[in-house]
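> Sequence first, predicted model second:
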Amino acid sequence: MKNEIQLLDVVVLKEPLLNERLQQGSIGTVVEVFDAENFLVEFADQSGVAYAIVPLKAEQLIKVHSEPIPA
């Protein structure tokens, strides 16, 4: 099972970032991978308008999975 975060993965913020006006549970998309532990994540509203683009560490994120574990 591949758990490492990759470009264009959907991720969930594990902690609030008050300076960025992001709450725990905010959903974003990885738009840049700097290395295995550092990413640029875009947060957008339901219309697709970005309201925050933030550099984050892997430990601050949970990768969203939309497929079951292979048998």
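Structure's in. What do you need? Numbering: from 1, shown residues only.

> Okay, now the unreliable bits of this protein?
In the predicted model of the chain, residues 1-2 satisfy pLDDT under 70.

> in it, which residue is closest to the centre?
Nearest residue to the geometric centre of the chain (C-alpha atoms, centre = their mean): Val11, 3.1 Å.

> which residues touch the closest residue to that one other than its chain neighbours?
Residue nearest to Val11 in three dimensions, not counting chain neighbours: Leu61, with 4.3 Å by C-beta to C-beta, 6 or more residues apart in numbering. For every residue, glycine as well, the C-beta is placed using N, CA and C. Leu61 makes contact with 5, 11-14, 39, 41, according to C-beta atoms under 8 Å, 6 or more residues apart in numbering.

> ChimeraX command to pick out the buried ones of these?
The buried residues among the contacts of Leu61 can be selected in ChimeraX (16 or more other C-beta atoms under 10 Å) with this line:
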select :5,11,13,39,41
